[in-house]
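In: sequence first, then the predicted structure, then my questions.
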Amino acid sequence: MTDLLALKQANAARWLNCKLTRAGAFTSIAKHLVAPDAKARYQAVSAQTGVPWAVIAVIHEREASQSWTANIAQGDPWKSVSWHVPAGRGPFESWDEAAVDALVNCPPFAAKNTDWTIGGTLTLLERYNGVGYANKGRPSPYLWSGTDQYVSGKYVRDGVYDPSAVDQQLGCAGLLKAMMALDSSISFGRPPVVILPKPKPLDVPPVPKSGPEIPRTGIAAFFAFILSIIFKRK
């Protein structure tokens, strides 16, 4: 079973350290993803699902090369019943309807995600494609292709991993970085603050204002004894 917390931490660290190795290609595609008309459509789906519009945009690019005739669930035409996983979806009335279905009703159920920090976002995107790379201890090309965090290794078909194959598509992490350079409204929040309950006060009895004299011992007891003898003689 994949340790999602460890994967979030690994992806957040890679994000901080990664550099784009195909910067020009990333910028070229990012310009289309942040274009006003495209952004408005992504924002409309975001309003219905709670998934950030930039995340929807990079899924659209990665799954369907930003084709408005293709479903972001797997790249099949949304006007037909899908045959790739997730299969059996559709047909739909519009790209938007298909996108909402993909985010709400299909694994990894992105609309239920509550962690939109960069580590949480990248891990959600990795789960969208599958955690097979994470289970091998390898960076996912779905995220890191086109950056210095990825060299080779690819599932060339379902269940078949080729360590020497190189993914030619641009990864989601690099796309997000290129989009952020063009659109300052894109940001990722801090991890949620965990508020711990206040500790219960210790049940310590109050100190009495007056009470029995505390017995004296040692030197204090000796001087008390001498003083009592002197005052008795007087």
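Out: Done, it's in. Numbering: from 1, shown residues only.

In: from here on, just use CA atoms for contacts and neighbour counts.
Out: OK.

In: contacting residues around the strand or helix carrying Val100?
Out: Element membership for Val100 (DSSP states H and E) is helix 95-105. By C-alpha atoms under 8 Å, 6 or more residues apart in numbering, the residues outside helix 95-105 that reach it are 41, 44-45, 48-49, 51, 68-73, 78, 90, 92, 109-112.

In: what do you get if the cut-off is 10 Å, keeping everything else the same?
Out: For helix 95-105, the external contacting residues (C-alpha atoms under 10 Å, 6 or more residues apart in numbering) are 41-42, 44-51, 56, 59-60, 67-74, 77-79, 86, 89-92, 106, 108-112, 128.

In: just the buried residues of the residues you listed.
Out: Taking 16 or more other C-alpha atoms under 10 Å as the criterion, what is buried in the contacts of helix 95-105 is 42, 45-46, 49-51, 56, 59-60, 68, 70-74, 77-79, 89-90, 92, 106, 108, 110-111, 128.

In: so which of those are in helices?
Out: Counting by DSSP state H, the buried ones among the contacts of helix 95-105 place Tyr42, Val45, Ser46, Thr49, Ile56, Ile59, His60, Tyr128 in helices.

In: residue nearest the centroid of the protein?
Out: By C-alpha atoms, centre = their mean, the chain has its centre lying nearest to Gly120, at 0.4 Å.

In: surely it is in a helix?
Out: Yes: assessed by DSSP: H, G, I helix; E, B strand; the rest coil, Gly120 belongs to a helix.

In: please name the residues that touch it.
Out: Counting by C-alpha under 10 Å, 6+ apart, Gly120 has contacts 4-5, 7-9, 11-12, 113-114, 126, 188-189, 191.

In: if we go to 7 Å?
Out: Lys8 (C-alpha atoms under 7 Å, 6 or more residues apart in numbering).

In: okay, it and Glu126: tell me how far apart.
Out: 10 Å (C-alpha to C-alpha, to the nearest Å).

In: lowest-pLDDT helix or strand in this protein?
Out: Least confident helix or strand of the chain, by mean pLDDT, DSSP states H and E, is helix 218-233 with a mean of 64.

In: and the strands in this protein?
Out: Under the criterion DSSP state E, the chain contains strands at 154-157, 160-162.

In: mean neighbour count added to those strands, as JSON lines?
Out: Listed next are the strands of the chain as JSON lines, based on neighbours: other C-alpha atoms under 10 Å:
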{"stretch": "strand 154-157", "mean neighbour count": "14"}
{"stretch": "strand 160-162", "mean neighbour count": "12"}
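
In: nearest to Lys177, of those?
Out: Lys177 lies closest to strand 154-157 among the strands of the chain, at 22.4 Å (C-alpha to C-alpha).

In: other SSEs contacting that closest one?
Out: Packing partners of strand 154-157 (3 or more C-alpha pairs under 7 Å, 6 or more residues apart in numbering; DSSP states H and E): strand 160-162.

In: pairing partners for the strand it packs on, with directions?
Out: Strand pairing for strand 160-162, using DSSP bridges, gives strand 154-157 (antiparallel).
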